[in-house]
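S.K.: Based on what follows, work out the 3D shape:
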Amino acid sequence: MTDFNMDNIDDIINQKAVEFVKDIEDLVWDQDISYMDAILEYSDAHQFEIETVGELVARMPVIREKLTIEAEELNLLPRTSRLELW
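M.R.: The predicted structure is shown next:
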């Protein structure tokens, strides 16, 4: 029988968060939709509460940053300075 400790639970949560990011990226690219729409579609398809998805987004800085940029472009958040990369 497998012993579950906090390290195992954290590993499982991190694995699910990585799967979540991959699924969101796939939705964005395959359906040509925004990250916000992809997250909402994902939560509906998997019957997740939006709060649960918020926890996954909080754990994944890649998605969080992309959502922030998207929200700034839609004037939902104040714009922040960004260094332009060539």
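S.K.: And the next helix or strand past whichever helix or strand Asp10 is part of?
M.R.: Using DSSP states H and E, Asp10 sits in helix 6-31. Sequence order places helix 35-45 as the next helix or strand after helix 6-31, per DSSP H and E.
S.K.: Just the element for the spatially most central residue of the chain, please.
M.R.: Geometric centre of the chain, nearest residue: Val57, 3.8 Å, by Cα atoms, centre = their mean. According to DSSP H and E, Val57 maps onto helix 50-59.
S.K.: got a list of contacts for that helix?
M.R.: Outside helix 50-59, the residues that touch it by Cβ atoms under 8 Å, 6 or more residues apart in numbering are Ile13, Asn14, Lys16, Ala17, Phe20, Ile39, Leu40, Tyr42, Ser43, Ile63, Arg64, Leu67. Bear in mind the C-beta positions are built from the backbone N, C-alpha and C, glycine included.
S.K.: Out of these, which two sit at the greatest distance?
M.R.: Asn14 and Leu40 (23.0 Å; Cβ to Cβ).
S.K.: circling back to that earlier point, buried residues in the helix holding Val57?
M.R.: Val53, Leu56, Val57, Arg59 (16 or more other Cβ atoms under 10 Å).
S.K.: where does this structure have low pLDDT?
M.R.: Scanning the chain for pLDDT under 70 picks out the ranges 1-9, 12, 82-83, 85-86.
S.K.: repeat that for 50
M.R.: Along the chain, the parts satisfying pLDDT under 50 run over 1-2, 4.
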